[in-house]
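S.K.: Structural data only, the sequence is not supplied:
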């Protein structure tokens, strides 16, 4: 079984969403973890927008990347430029991937506008994760 680590700055939105979709699309062929350079807690809007798409991430926790130093990963995916730039070096042969998704937690405006930004980013991450699994499994 392959192991995937998804990294972001705070492990609250983008990496949590990616963990949910990678788990779904890998269909038991991968153990998927997510972590952050910092931990900000799982964003309630990320939980809500994933629930709209039938995926429950309410049980996820916000983890620091340091917690996973003893795990050998096959793939490390950074989902924001900040995580890519400051990510600690993993002493492994993991294949590294990067895609900078907008941070929906930084959206401003009305509640509806902010939720719409979460949906937009969720859909971008969903498409990326689907393609990632098809190309790597």
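M.R.: That came in fine, so what should we check first? This is a predicted model, so every value here is computed, not measured.

S.K.: which stretches of the chain have low pLDDT?
M.R.: Flagging of the chain using pLDDT under 70 yields the residue ranges 87-91.

S.K.: center of it - which residue?
M.R.: Nearest to the mean C-alpha position of the chain, by C-alpha atoms, centre = their mean, lies residue 15 at 1.8 Å.

S.K.: Now do the contacts for that one.
M.R.: Applying C-beta atoms under 8 Å, 6 or more residues apart in numbering, we find residue 15 in contact with 6, 7, 8, 34, 35, 36, 79. To be clear about C-beta, it is placed using only N, CA and C from the backbone, and glycine gets the same treatment.

S.K.: Would you verify that it is located in a helix?
M.R.: Yes: assessed by DSSP: H, G, I helix; E, B strand; the rest coil, residue 15 belongs to a helix.

S.K.: Let me see the ranges of the strands in the protein.
M.R.: 2-8, 30-36, 75-78, 95-98 (DSSP state E).

S.K.: in the last one, what's buried?
M.R.: Judged by neighbour count (16 or more other C-beta atoms under 10 Å), strand 95-98 contains these buried residues: residue 97.

S.K.: Distance from the chain centre to it, please.
M.R.: 13 Å (C-alpha atoms, centre = their mean, to the nearest Å).

S.K.: on that earlier part again, adding distance to residue 21, write the strands of the chain out as CSV.
M.R.: Output for those, formatted as CSV (distance: least, C-beta to C-beta, whole Å):
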stretch, distance to residue 21
strand 2-8, 10
strand 30-36, 9
strand 75-78, 11
strand 95-98, 14
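
S.K.: Next one: the residue nearest to the centre of the chain from residue 73, what distance?
M.R.: With distances taken as C-beta to C-beta, to the nearest Å, residue 15 is found 14 Å from residue 73.

S.K.: Now the two most distant members of the contacts of residue 15.
M.R.: Across the contacts of residue 15, no pair lies farther apart than 35 and 79, at 11.1 Å, counting by C-beta to C-beta.

S.K.: No further questions, thank you.
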